[in-house]
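Engineer: turn this into a structure:
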Amino acid sequence: MNLVTRSQLGWPASAAPSQTTTKGVKVHYEGAPVSTKLLTDHNACIAEWKAIRASHLANKTENYSDVAYNYAACPHGYLLEGRGLRKRTGANGNQSLNQAHYAIVGLVGSSGLTGPTDEMLSAIRDGIDLLRKNGAGSEIKGHRDGYATACPGGPLYAWVQKGAPRPTTSNEPKENDVAISDADAEKIAKKVLTLDGVIDNPNPATAKTNGYISLETAVRNIETVVRRLESAVAKLPKES
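Structural biologist: The predicted structure is shown next:
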């Protein structure tokens, strides 16, 4: 589990009311546009999480005591602490719903970044398991279960309805993966992802896993580059 604590975020202890048990956990999304920049820049994930807390604390109508969620999960697989353990959520819609379940939000939204990565789903499961060890029951539901809302969006809710299974991706090398050093993997990833600036904000770490580079990942990155190049060519002025 990759946990980013409140202390690491520069936040004081949560002022949210204590609650030691719930029926389980409800999964949320942001319900607003989320930038795809979060996919390639983990600092953007931290900034997004801090912005959510700031907006909640500034909301005089809801009068939140803290960021509404117990935890957030980012596309890179980090579990970001919010209210944390044994704290009542403020995210589920009303007092009785907040008392019934804790809350975890995936940093995806209604447009832009809408689909969770496998790493995000794993981080949500990390949060669920952590909360279960500290008083949460076995239920896993979406925000819309019991409250009239589109949250947590189609992709996340479909996953919840399947029982929120942990993704089966593994760090073990696959049959067609190629052994490669971390230094070489970073060079390859930068070349594939940037192509002299065609794609911004490269994230070389996504192309390597425990000393192996996934051919599936490489092909996916190359396909992205081709699409960007085709789009750029289509915008060039036509010869008369």
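Engineer: and Gln99, that's in a helix?
Structural biologist: Yes - assessed with DSSP: H, G, I helix; E, B strand; the rest coil, Gln99 lies in a helix.
Engineer: if I read this right, it contacts Thr20, doesn't it?
Structural biologist: No - counting by CB atoms under 8 Å, Gln99 stays clear of Thr20, with 11.3 Å between them. For glycine as for every other residue, the C-beta is placed from the backbone atoms N, C-alpha and C.
Engineer: if you count what's nearby, which of those two comes out ahead?
Structural biologist: Neighbour tally, Gln99 and Thr20, criterion other CB atoms under 10 Å: the higher count belongs to Gln99, 15 against 11.
Engineer: secondary structure of Leu79: a helix, I assume?
Structural biologist: No - checked against three-state DSSP, Leu79 lies outside a helix; its state is strand.
Engineer: do you know the pLDDT at it?
Structural biologist: Looking at Leu79, its pLDDT stands at 98.
Engineer: do the same with the one 5 residues further on
Structural biologist: At Gly84 the predicted local distance difference test score is 98.
Engineer: how much space separates it from Ser110?
Structural biologist: Counting by CB to CB, to the nearest Å, the gap from Gly84 to Ser110 is 27 Å.
Engineer: of those two, who's got more company?
Structural biologist: More crowded of Gly84 and Ser110, by other CB under 10 Å: Gly84, with 20 against 16.
Engineer: can you give me the buried ones in stretch 31-51?
Structural biologist: The neighbour-count check on stretch 31-51 (16 or more other CB atoms under 10 Å) flags 31, 34, 37-42, 44-46, 48-49 as buried.
Engineer: now stretch 95-112
Structural biologist: 97-98, 100-110.
Engineer: quick one, helices of this protein?
Structural biologist: Counting by DSSP state H, one finds helices in the chain at the ranges 6-9, 42-57, 95-100, 118-132, 154-161, 182-194, 215-234.
Engineer: mean pLDDT lowest for which of those?
Structural biologist: Across these, the lowest-scoring stretch is helix 182-194, with a mean of 60.
Engineer: residues contacting the most centrally placed residue in the chain?
Structural biologist: In the chain, the residue lying closest to the centroid (CA atoms, centre = their mean) is Cys74, at 2.5 Å. Counting by CB atoms under 8 Å, 6 or more residues apart in numbering, Cys74 touches Leu38, His42, Cys45, Glu48, Trp49, Leu80, Leu107, Met120, Ala123.
Engineer: nearest to Lys60, of the buried residues of stretch 95-112?
Structural biologist: Asn98 (18.7 Å; CB to CB).
Engineer: test my guess that the closest one contacts Asn92.
Structural biologist: Yes - Asn98 is within contact range of Asn92, at 4.9 Å (criterion: CB under 8 Å).
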